[in-house]
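Trainee: Generate a structure from the sequence data that follows.
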Amino acid sequence: MATLSPKKINRLGILAFVSGFSLMAYELVAARLLAPTIGSSIYVWTSVIGVIIAALSLGYWLGGKVADARGQRIDVVILFLIAAAGVTATILSHPNILSWLPEVIEDVRFQGVVASLLLFAPTSFIFGCMSPYLAKLNIKTLERAGESVANLSALNSIGGITGTFITGFLLFSYIGSNETLIIITLSLVASSWLLVPRKFFMQRLVLSVVLILLSLLPAPMPPNMIARIDTPSAHYDIFKVTYDSQPIYGLATGPGGIQSAVHANGQTDLVFWYTQYAAQLIKSMNPDRVLVLGGGAFTLPGYLAEELPNATIDVVEIDPELEKISKQYFHYKSPANVNLIFEDARTFVNQADSKYDAMFVDVYGDSYVPFSLLTREYGQRVADLVEPDGTIILNAIIGLTGKCSALADAIDTTYRPHYKNAYWMTRTGDAVPRANYILAYTNNPTVPLAMNTLSKRDGATSYNDNFMPAERIHFECQQSRRKG
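Mentor: Residues are numbered from 1 along each chain as shown. Modelled structure (predicted):
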């Protein structure tokens, strides 16, 4: 069996590193690409990871067979160029595929699987083929075959770890998903030249140039889209639409709807009825200290800062990049009496020791309430932060009848054990199967703003940190809306 020189072995190690780096960066980008149209729930992540692992497994199997039959270094070059072509195809095709998919498939789980099969499985299969090929070329003697394979596997894993941290901590902080895919394409194309660079030189050069140029084509954006922004925490779409016959600028993290909005004509009043209503509730209490969990574009805190100039308003938001986004697109002014705390809501609640007169909870990942905010342990900690005569106010996308009532029960059993009175209100004042509800929990006997009494339902399940099936409950609620 022919042996490889140290120079060639080093190049194989570099290729293994780049392969691992590119694969993990590609996987992280995959979930980000699906977020605007399919969402970012655990169902979506499950679809992406499951499909990619299946494609990799098939690639390992077939790649090993072909490597044993051929084992040519030019084959590795071809695999890297095909992978670069696959990543470029993802860049070019994902807007059309993801805009078409929700129109033909309603179930978000199947949307995630089909999208992953169409967009990410082919390239992941090629990534899988690379590993056995590189291992085959790196084996110098049968006596040291294990060491040869282990060395490349280690470099591949180190590349994967590097790709994960650089993409998650660095790339998403400064560039978008498409730009990250371009970097992956460039890395794969450049790495393909490490082996037998003179073989098929002109053909490879032309293909490399074509792939680079195609990857650099600007991604199409819908006509109403102003910006698409990726941060380490989330993907944001910012667009101009009409709401209640008024033009607004909206911010969304997924297909579930608009999380925050301001009037496009410069009006300073709040856009959505539920933020307006929550602001009225909080103002009627004349609080000294207010806690807001979930900042969004900070429209409500900014409004309260002007209406309650003597109050201190603490706002907990997980993504520090939202402050810059809100200032640029949503007229946020950083009022002196608003303190922005960039931390996970549950982490803050677990550690905080302040007391508040009013708390407003509006924490969503797209249209999903995180499971950690729907448990008994969380409810106890929240109650500890509110003054005995204080009030907790929530914006909740729920229903009091049908499948969405299970989500209402999960929320209710989180807060009710600590408060004597519970109330609800919708935009119309009627109990509807699914809508934005404002809920209020308080020990104060006065009914806030003539709200409706929220009756306690017998048999409602109370969940804990060990078991809270938030994804299933949200999914059933959303499916019932689609069927209706």
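Trainee: Buried by neighbour count: which residues of the lengthiest helix in the chain qualify?
Mentor: In the chain, assigned by DSSP state H, the helix with the most residues is helix 73-104. Neighbour counts over helix 73-104 (16 or more other Cβ atoms under 10 Å) mark 73, 75-91, 94-95, 98, 101 as buried. Backbone N, C-alpha and C define where each C-beta goes, glycine included.
Trainee: helices or strands up against the longest strand seen in the chain?
Mentor: When the chain is scanned for its longest strand (criterion: DSSP state E), the result is strand 386-398. Using 3 or more Cβ pairs under 8 Å, 6 or more residues apart in numbering; DSSP states H and E as the contact test, the elements touching strand 386-398 are helix 273-285, strand 356-361, helix 405-415, strand 435-442.
Trainee: quick one: contacts for Val29?
Mentor: Applying Cβ atoms under 8 Å, 6 or more residues apart in numbering, we find Val29 in contact with 167, 177, 180-181, 184.
Trainee: which of these tops the neighbour count?
Mentor: Counting neighbours by other Cβ atoms under 10 Å, the top entry in those is Ile184, with 28 neighbours.
Trainee: I figured that residue was touching Met24, is that so?
Mentor: No. At 10.0 Å, Ile184 does not count as touching Met24 under the criterion of Cβ atoms under 8 Å.
Trainee: The closest residue to Ala383 other than its chain neighbours: neighbour count?
Mentor: Sequence neighbours aside, His418 is the residue nearest to Ala383 in space, at 3.7 Å (criterion: Cβ to Cβ, 6 or more residues apart in numbering). Neighbourhood size, His418 [other Cβ under 10 Å]: 15.
Trainee: And His418, how far from Pro370?
Mentor: Counting by Cβ to Cβ, to the nearest Å, the gap from His418 to Pro370 is 20 Å.
Trainee: Give me the residues contacting the helix or strand bottoming out on mean pLDDT in the chain.
Mentor: When each helix and strand of the chain is scored by mean pLDDT, DSSP states H and E, helix 470-483 comes last, with a mean of 78. With contact meaning Cβ under 8 Å, 6+ apart, helix 470-483 is reached by 41-43, 106-109, 367-371, 374, 397-399, 402-404, 406-407, 410, 433-434.
Trainee: again with stretch 117-127
Mentor: Under Cβ under 8 Å, 6+ apart, the answer for stretch 117-127 is 19, 22-23, 26-27, 30, 33, 48, 51-52, 54-56, 58-59, 79, 82-83, 86-87, 89-90, 93-94, 97.
Trainee: Mind doing that once more with 7 Å?
Mentor: 19, 23, 26, 30, 48, 51-52, 55-56, 58-59, 79, 82-83, 86-87, 90, 93-94, 97 (Cβ atoms under 7 Å, 6 or more residues apart in numbering).
Trainee: Can you select the buried ones from the contacts of helix 470-483 in ChimeraX?
Mentor: Filtering the contacts of helix 470-483 down to the buried ones (16+ other Cβ under 10 Å) takes a single ChimeraX command:
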select :41,43,108,109,367,368,369,370,371,374,397,398,399,402,403,404,406,407,410,433,434
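Trainee: Could you tell me the angle between the least confident helix or strand of the chain and strand 435-442?
Mentor: Angle of helix 470-483 versus strand 435-442, following axes from the mean of the first three to the mean of the last three Cα atoms, to 10 degrees, is 130 degrees.
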